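# Following is a predicted model, sequence given first.
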Amino acid sequence: MKRYIISFAVLTLFLVSCTDLTDELYDRIPNDKYPENAGQAALITVPVYSSMQGLIDGGGWWFLQEIPSDEMVAPTRLTDWDDGGKWRALHTHTWTNTTEAVASLWFPMYSGIGQANKLIEANQPFAGQPAADLTIAKVKTMRAFYYYILIDNYGDVPFETNYANAVKTPTKTSKAVIFNAIVKDVEDAIVVLKTNPGNSKISVNLGMAYTLLTKLYLNAEVYTGTAQWVKAEAAAKAVIDLGTYSLETEALKPFITENQFSPENIFQIPFDEDSYTGFNLHMRTLHYLNNQTFGMTAGPWNGFAASEDHFNTFDAADARKKGFLVGQQYDLAGKKLVEGGKNVILDPHIPALLMDGTFTPEQIRFSGARVAKFEIKKAAKENLSNDFPLFRYADVLLMKAEAAIRQGKNGDAEINQVRARAGVPNFTNTTLDQLLAERGREMFWEGHRRQDLIRFGKFNAAWWEKPASSPDRNTFPIPQWVKDTNPNL
């Protein structure tokens, strides 16, 4: 188990087992029991981060960012992966407010916000004390992160910053108003974090706050109608100027199993195959027999694949292309995998989104480039131990370049750092279309593509097995179960 996973588990166990202390910490903090240092303060913030754990799988966020985009496909393979059509609905932009992923994201985000509001109120009486100020700054930043996810995905949503006096059935607040409020929270927090930047990659640190601010400003035009490219560039530059982060020497190294100390990863979700589960992308994408490729203890489910068009954007020499599995598949001993008398040869071409009995068994079961961007270690279990980077330095470089280009400046220096690491030639006078394609190659399957396509005005375009969609598809509807419990929505 990873070292900081052990620490995180101990903190969580402490909170769960010490009921009386938990009640005191969250309902009122006695003067003689207030945390005396940052380490003790970190203990009481653990519940604020818990909602991140479900972002990749059960919480729906990752599905909503990738499946409706142009870079991945969740094809129906005869009866496998039909699931009532929920994956096809995401691909074709025909989801409703009862579609599973749409309905699943809401609760964990507001749960995290509720925990944040509770802790902020508990700390307010101690404002002015360094430990309390630091705790409030970090928790407000995390609350801003959850609201960022909400306005990015749902648009106008309820905005609540109180706990004890929270409105039970709130109305919606415009995403522009929420944007302005959370930007202020993050900017105020940065002032405090400068005195104690922190180095944890699984909790708020100064680099994380600046990167979140970059994301907010980069998408400001989508959220508010007013572009803020100058501020986006400045925020990205602030991350770079910290000198804390750097690109890994190899393109896929940020995604290895032991990636918890990667100099490239700024903010990530901790996962462990036994203790902090919820990351099973390999199970969703690998062919059934690929368990023999990696000596896995469980059989994969033969589902998700890269879209053929996305796969074809990679040059043959691009080191990032090693993040795909295509062609003849082998077991650990180098023996060819064979299924039903046929060699398991994974073909990037997917003949249809819905493959029924009119397609050959090979088309149904072998089609689509599978994604192994996140290292699958030997004897991997059903859940991976790789941490999932939500914010990464390569992304910061690309965001800075984009903000510069949108101001009519040149962004080649930052883009070419990323391309050089991938082993591909430099760009000259990079265009926005080139930048979007580069973001696709660098950030694929990390949960950025939907947002990128919206920002570039391309999310509603037609692509493979997906007709043009209307602009109202840029956000998801408030889940029906939420509307059933709140008549004001």
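Sure, I can see it. Numbering: from 1, shown residues only.

# and the gap between the residue nearest to H310 when sequence neighbours are not counted and K201?
Leaving aside its sequence neighbours, H310 sits nearest to E71 (CB to CB, 6 or more residues apart in numbering; 4.1 Å). Where C-beta positions appear, they are placed from N, C-alpha and C, glycine not excepted. From E71 across to K201, the span is 25 Å (CB to CB, to the nearest Å).

# hmm, back to that, can you verify my assumption that the residue nearest to H310 contacts G440?
Yes: if you go by CB atoms under 8 Å, E71 and G440 touch, sitting 5.7 Å apart.

# Tell me how many other residues crowd A468.
Residues near A468, counting by other CB atoms under 10 Å, number 10.

# scratch that, F107 is what I was asking about
16.

# begin at 28 from here
Got it, first residue is 28 now, which makes that one F134.

# so what pLDDT did it get?
In this model, F134 is scored at 97, pLDDT.

# host element of it?
F134 belongs to helix 127-150 when assigned by DSSP states H and E.

# Buried residues, whichever helix or strand comes after that helix. List them.
Using DSSP H and E, the helix or strand that follows helix 127-150 towards the C-terminus is helix 157-181. Of the residues in helix 157-181, 158-181 count as buried by neighbour count, 16 or more other CB atoms under 10 Å.

# so D422 makes contact with E465?
No: D422 is beyond contact range of E465, at 11.2 Å (criterion: CB under 8 Å).

# For I83, give its distance to P297.
To P297, I83 is 11 Å away according to CB to CB.

# Comparing those two, which residue is more hemmed in?
The neighbour count for I83 versus P297, taken as other CB under 10 Å, is higher for P297 (25 against 21).

# Which residue is the nearest non-sequential neighbour of the more buried one?
In space, P297 is closest to I229, 4.7 Å off (CB to CB, 6+ apart).

# same check, this time on L279
G350 (5.8 Å).

# contacting residues for the residue nearest to Q507 when sequence neighbours are not counted?
In space, and not counting its chain neighbours, Q507 is closest to N124: 4.5 Å by CB to CB, 6+ apart. Neighbouring residues of N124 by CB atoms under 8 Å, 6 or more residues apart in numbering: A130, F503, P504, I505, P506, Q507, K510.

# tally of neighbours for V73?
Residues within reach of V73, counting by other CB under 10 Å, total 18.

# Please apply the same query to G87.
Count around G87 with other CB under 10 Å applied: 25.

# List the contacts of it.
Neighbour list for G87: E127, A128, V129, A130, S131, L132 [criterion: CB under 8 Å, 6+ apart].

# helices or strands up against the helix holding F134?
helix 46-54, helix 65-76, helix 88-93, helix 113-118, helix 157-181, helix 507-512 (3 or more CB pairs under 8 Å, 6 or more residues apart in numbering; DSSP states H and E).

# CA atoms only: put it into CSV for me.
What follows is helix 127-150, C-alpha atoms only, in CSV (Å, rounded to 0.1, in the frame of the first residue of the first chain):
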residue,chain,number,x,y,z
GLU,A,127,-27.3,7.1,-14.8
ALA,A,128,-24.1,9.1,-15.1
VAL,A,129,-26.1,12.4,-15.3
ALA,A,130,-28.0,11.4,-12.1
SER,A,131,-24.9,10.1,-10.3
LEU,A,132,-22.6,13.2,-10.3
TRP,A,133,-24.8,15.5,-8.4
PHE,A,134,-24.8,14.0,-4.9
PRO,A,135,-21.1,13.5,-4.3
MET,A,136,-20.4,17.1,-5.3
TYR,A,137,-22.9,18.5,-2.9
SER,A,138,-21.9,16.1,-0.2
GLY,A,139,-18.4,17.5,-0.5
ILE,A,140,-19.7,21.0,-0.4
GLY,A,141,-21.8,20.2,2.7
GLN,A,142,-18.7,18.9,4.5
ALA,A,143,-16.8,22.0,3.4
ASN,A,144,-19.5,24.4,4.7
LYS,A,145,-19.6,22.5,8.0
LEU,A,146,-15.9,22.7,8.5
ILE,A,147,-15.7,26.4,7.5
GLU,A,148,-18.3,27.3,10.0
ALA,A,149,-16.6,25.3,12.7
ASN,A,150,-13.3,27.2,12.0
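
# Next, the angle helix 157-181 makes with it.
Orientation note: helix 127-150 sits at an angle of 160 degrees relative to helix 157-181 (axes from the mean of the first three to the mean of the last three CA atoms, to 10 degrees).

# What residue spans form the domains of this protein?
The chain breaks down into these domains under automatic domain parsing: 224-297+417-481, 308-413.

# so of those, which one's packed in deepest?
domain 224-297+417-481 (a mean of 20; mean count of other CB atoms under 10 Å).

# just to revisit the earlier point, tell me the pLDDT at the residue nearest to L279?
Reading off the model, G350 has pLDDT 98.

# Verify the contact between it and E277 for me.
No: with contact defined as CB under 8 Å, G350 does not reach E277; the gap is 11.3 Å.

# pretty sure the residue nearest to P297 contacts D299?
No: I229 is not in contact with D299 according to CB under 8 Å; the separation is 11.5 Å.

# pretty sure R104 contacts E389?
No: R104 lies out of contact with E389 (CB under 8 Å); the separation is 11.3 Å.

# So which residues of the stretch 228-377 of the chain form strands?
With strands called from DSSP state E, counting those that start in this stretch, the stretch 228-377 of the chain shows them at 292-296, 332-333, 351-352, 354-355, 365-366, 369-370, 372-373.

# could those strands go into TSV alongside distance to I94?
Shown next, in TSV, are the strands of the stretch 228-377 of the chain (distance: least, CB to CB, whole Å):
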stretch	distance to I94
strand 292-296	19
strand 332-333	11
strand 351-352	17
strand 354-355	25
strand 365-366	26
strand 369-370	28
strand 372-373	20
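
# Identify whichever of those lies nearest to T238.
In terms of CB to CB, the element of the strands of the stretch 228-377 of the chain nearest to T238 is strand 292-296, at 5.4 Å.

# what angle separates the closest one from helix 157-181?
Relative orientation of strand 292-296 versus helix 157-181 (the same axes, to 10 degrees): 80 degrees.

# Just give me how far strand 292-296 sits from the chain centre.
Distance of strand 292-296 from its chain centroid, counting by CA atoms, centre = their mean, to the nearest Å, is 10 Å.

# same thing with stretch 402-409?
The answer for stretch 402-409 is 21 Å, by CA atoms, centre = their mean.
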